[in-house]
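Visitor: with the sequence up front, the predicted model follows.
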Amino acid sequence: MGQIHKRFTDEQIRMLFRKYSQGQLSQGNMQELLGIGRSRFFELLQVVEHGAGNKAEKVIAIGGAVRNKFWMQNKADVCGRVIEAPKIEEATALGAAMLAGTGAGLYNDLDEAVSRVQKPGEIFEPDLKLTSEYKEYFEIYKEIYPALKPVNKRIYDRFRVE
């Protein structure tokens, strides 16, 4: 398995989560250090919602990241939507099996396939007070990031470890 984060080694990530779980780092510190705040996830969600023409009531999350309850709660708080993490071990294989089952006539359609194989999992409700704060911070970020991009690159180039 490759490195789990582009800026930190796996050991550094483990150390950060140990410090967080021991109360030595705040949620904000973790978000800032790992780059898991509002920007990327929220922008992607906005694009998908715009393309679909409506607002998602909930987001269904799959994959290894769903094991990280901190991250899932953060996603719910950031986007202001319920995050559902169904109990699915191998989402890709399950999706392929549902498509094959539908094609072979085991299911009438994909909606039936989903309803028959879906296993409810954990639900993460957003803290709407945090959602409001993140929205305000994100508006500021959208103005600051382009202005600081060349400065950040210079800092990165100067201090990167190879």
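Guide: Yep, that arrived. Numbers count the residues shown, from 1 in each chain.
Visitor: output stretch 67-85 as CSV, nothing but the C-alphas.
Guide: Coordinates of each C-alpha in stretch 67-85 appear next as CSV, following Å, rounded to 0.1, in the frame of the first residue of the first chain:
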residue,chain,number,x,y,z
ARG,A,67,-14.0,3.7,9.1
ASN,A,68,-12.8,7.1,10.2
LYS,A,69,-15.7,8.4,12.3
PHE,A,70,-14.0,11.8,12.8
TRP,A,71,-13.7,12.3,9.0
MET,A,72,-17.3,11.2,8.3
GLN,A,73,-18.6,13.6,11.0
ASN,A,74,-16.5,16.4,9.6
LYS,A,75,-17.9,15.7,6.1
ALA,A,76,-21.5,15.9,7.5
ASP,A,77,-20.7,19.2,9.3
VAL,A,78,-18.9,20.7,6.3
CYS,A,79,-21.7,20.0,3.7
GLY,A,80,-24.7,20.3,6.1
ARG,A,81,-26.0,16.9,4.8
VAL,A,82,-26.5,13.6,6.5
ILE,A,83,-23.7,11.2,5.7
GLU,A,84,-24.7,7.5,5.6
ALA,A,85,-21.9,4.9,5.7
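Visitor: which parts of it are buried?
Guide: Of the residues in stretch 67-85, 71-81, 83-85 count as buried by neighbour count, 16 or more other Cβ atoms under 10 Å. Placement of C-beta: from N, CA and C, glycine included.
Visitor: of those, which pair is most distant in space?
Guide: For those, the maximum inter-member distance is 17.1 Å, found between G80 and A85 (Cβ to Cβ).
Visitor: residues contacting stretch 52-72, please?
Guide: Stretch 52-72 is contacted from outside by 20, 27, 30, 36, 45, 48-49, 75-76, 79, 81-86, 88, 91, 121-122, 124, using Cβ atoms under 8 Å, 6 or more residues apart in numbering.
Visitor: give the buried residues for the longest helix along the chain.
Guide: In the chain, with assignment by DSSP state H, the single longest helix is helix 128-159. Neighbour-count burial for helix 128-159, counted by 16+ other Cβ under 10 Å, picks out 130-131, 134, 137.
Visitor: show me which of the residues you listed is closest to D157.
Guide: Distance to D157 across these (Cβ to Cβ) is lowest for Y137, with 26.8 Å.
Visitor: how much space separates the closest one from R81?
Guide: 18 Å (Cβ to Cβ, to the nearest Å).
Visitor: distance of E125 relative to I83?
Guide: 8 Å.
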